[in-house]
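1. Model the structure of this input:
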Amino acid sequence: MTSEQHQEVLEVEPGELTEIRRLAEENGVELQDVEVDGLELVTAALVVLVGVPAAVHKVLREIDYWRGGQVIDRREGAERVVYRTRSLRHDLLVVLANDGDVKIQYLRSDGTPTRTMESLTKVILSLRSADSETIVGVAESVMGSAASVTMSPAGAELPAATE
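-> As a prediction, the model looks like this:
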């Protein structure tokens, strides 16, 4: 790697690898597989994106858009607790709680919401109480004016992707 190149480590699910390879190749970014000795990564893989900073960041942004929005399922007995879905816009985070659903839409257009949403996800997952009012309060506190936070009755239909 030259001094002009940048690298980012990315966790990918096996079903995402083909699309991520295509995006990297289209943007002149090298994709390197990361092999972890003594650890079998069954549900995810690690890759490194290597290239000029602007190209690497463009690929990360395109991957974020392609992956769609994030769902955190805090309901009792949930099979999947945290996942991304292309049926939601990339700038949406939906929290499913036993007593209601919380939709958090990232409002800033100055970049991808991934890092901020990752921080919010960690906070939500660490909460002892998973009721929707608590989640709304935490989301408003963490996100401030960077997001719109709304609550709806439990089981409401998830907003569809429109992009």
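
2. three-state assignment of Trp66?
-> Trp66 carries the three-state label helix when classified by DSSP: H, G, I helix; E, B strand; the rest coil.

3. number of nearby residues for it?
-> 15 (other C-beta atoms under 10 Å). Every residue, glycine included, has its C-beta placed from N, CA and C.

4. Could you pull up the residues touching it?
-> Glu19, Leu23, Arg86, His90 (C-beta atoms under 8 Å, 6 or more residues apart in numbering).

5. Also Ile124?
-> Ile72, Arg74, Val95, Ile135, Val138, Ala139.

6. Can you verify my assumption that the last one contacts Val149?
-> Same thing as Ala139. Yes: the pair Ala139 / Val149 is scored as a contact, 4.7 Å apart, by C-beta atoms under 8 Å.

7. Pull out the buried residues from the lowest-mean-pLDDT helix or strand in the chain.
-> The least trusted helix or strand in the chain, going by mean pLDDT, DSSP states H and E, turns out to be helix 114-126, with a mean of 82. If you call a residue buried by 16 or more other C-beta atoms under 10 Å, then helix 114-126 has these buried ones: Thr114, Thr116, Met117, Leu120, Ile124.

8. For the contacts of Trp66, pick the one with the most neighbours.
-> Ranking these using other C-beta under 10 Å puts His90 first, with 23 neighbours.

9. Could you verify my assumption that that one touches Glu62?
-> No: under the criterion of C-beta under 8 Å, His90 is not in contact with Glu62, lying 9.9 Å apart.

10. per-domain residue ranges of this protein.
-> 6-65, 69-152 (automatic domain parsing).

11. re earlier: mutual contacts of Ala139 and Val149, please.
-> In contact with both Ala139 and Val149: Val102, Ile104, using C-beta under 8 Å, 6+ apart.

12. just the domains of the chain: most buried one?
-> Counting by mean count of other C-beta atoms under 10 Å, domain 69-152 has the highest mean neighbour count of the domains of the chain, with a mean of 16.

13. From Leu46, how far out is Leu88?
-> 25 Å (C-beta to C-beta, to the nearest Å).

14. now the helices: where do they sit in the chain?
-> 17-26, 53-67, 114-126, 132-143 (DSSP state H).

15. Low-confidence ranges, the chain, go.
-> Applying pLDDT under 70 to the chain flags residues 1-3, 37-43, 108-115, 156-163.

16. His90 versus Lys103, what's the distance?
-> 14 Å.
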